[in-house]
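In: mind looking at a prediction? Sequence and model below.
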Amino acid sequence: MAAATDSLDSAYLFHQLDEYPWDDDQEFQGGMKAILGSVQDQAQLEHLTLRAKCYYHARKSGTQVDFEGYKRWVENRNQGTQDLAPTTNLGNEPLAEQEQPQPQQQTGAGGLGDAPKPASFAEICELIAEGKPIPGIKDIPDTVLEGQSSESQAEKRRKPWEKGGSDVSKPSWMK
């Protein structure tokens with residue numbers, strides 16, 4: 001019975017998150033501008049928006065929000081409403097954009113666009129700590145290519161103590 005009430009509480013909390021007027025909250029919008037400043041990928045934009053909503057609500061209300069549960073709830077709600085009828089935008093532009101099918105990843109230069117990128121700094125730290133490669137980062141070998149360097153064309157500069165005898169007679173400020 002406790003599991004049923006937990007799921008009802010979660011559904012109620014998720015509904016509150018969904019109904020909140022995010023566009024009217026200036027503090028939230030300011031934070032979103034900072035977070036989403038250079039994000040290009042639509043999937044990452046949606047992921048970061050959902051995560052920011054969970055964080056902001058948890059910080060303001062003191063109630064912990066299960067991000068994975070909220071993400072599943074939004075996806076299920078969007079899938080259910082797409083099958084039944086078109087939905088209205090409740091002022092949550094990023095959530096409304098989720099309803100449209102989007103390509104999961106974009107292809108970038110170097111062929112690394114097909115690799116899923118970690119969503120957060122903590123995930124990147126975890127990958128580094130485990131010694132795993134970070135998706136989307138090009139591996140550069142630690143070798144120097146011999147025979148491809150060019151010879152210096154400039155004359156070697158002399159050190160102050162290597163200067164000739166005629167320059168030593170007068171200091172530079174007396175010339």
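Out: Received, thanks. The structure displayed is predicted, hence computed values, not measured ones.

In: okay, now the unreliable bits of the chain?
Out: For the chain, the stretches with pLDDT under 70 are 1-8, 80-119, 164-171, 175.

In: biggest helix in it by residues?
Out: Counting residues, the longest helix found in the chain (DSSP state H) is helix 42-61.

In: that one: what's the following helix or strand?
Out: helix 67-84 (DSSP states H and E).

In: for that next one, list the C-alpha coordinates in PDB.
Out: What follows is helix 67-84, C-alpha atoms only, in PDB (Å, rounded to 0.1, in the frame of the first residue of the first chain):
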ATOM      1  CA  PHE A  67      14.500  13.200 -11.800                       C
ATOM      2  CA  GLU A  68      14.400   9.800 -13.500                       C
ATOM      3  CA  GLY A  69      10.800   9.300 -12.400                       C
ATOM      4  CA  TYR A  70       9.800  12.800 -13.600                       C
ATOM      5  CA  LYS A  71      11.500  12.200 -16.900                       C
ATOM      6  CA  ARG A  72       9.600   8.900 -17.400                       C
ATOM      7  CA  TRP A  73       6.400  10.600 -16.400                       C
ATOM      8  CA  VAL A  74       6.900  13.400 -18.900                       C
ATOM      9  CA  GLU A  75       7.700  10.900 -21.700                       C
ATOM     10  CA  ASN A  76       4.700   8.700 -20.900                       C
ATOM     11  CA  ARG A  77       2.400  11.700 -20.700                       C
ATOM     12  CA  ASN A  78       3.700  13.000 -24.000                       C
ATOM     13  CA  GLN A  79       3.400   9.600 -25.700                       C
ATOM     14  CA  GLY A  80      -0.200   9.200 -24.300                       C
ATOM     15  CA  THR A  81      -1.300  12.600 -25.400                       C
ATOM     16  CA  GLN A  82       0.200  12.200 -28.900                       C
ATOM     17  CA  ASP A  83      -1.800   9.100 -29.400                       C
ATOM     18  CA  LEU A  84      -5.100  10.600 -28.200                       C
END
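
In: so where do the helices sit in the chain?
Out: 2-19, 26-35, 42-61, 67-84, 93-98, 121-130, 165-168.

In: adding distance to residue 147 and mean neighbour count, write these out as a markdown table.
Out: From N, CA and C alone the C-beta is placed, and that goes for glycine too. Compiled in a markdown table, those are given as follows (distance: least, Cβ to Cβ, whole Å; neighbours: other Cβ atoms under 10 Å):
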| stretch | distance to residue 147 | mean neighbour count |
| --- | --- | --- |
| helix 2-19 | 61 | 12 |
| helix 26-35 | 47 | 12 |
| helix 42-61 | 42 | 17 |
| helix 67-84 | 53 | 13 |
| helix 93-98 | 52 | 16 |
| helix 121-130 | 34 | 11 |
| helix 165-168 | 39 | 8 |
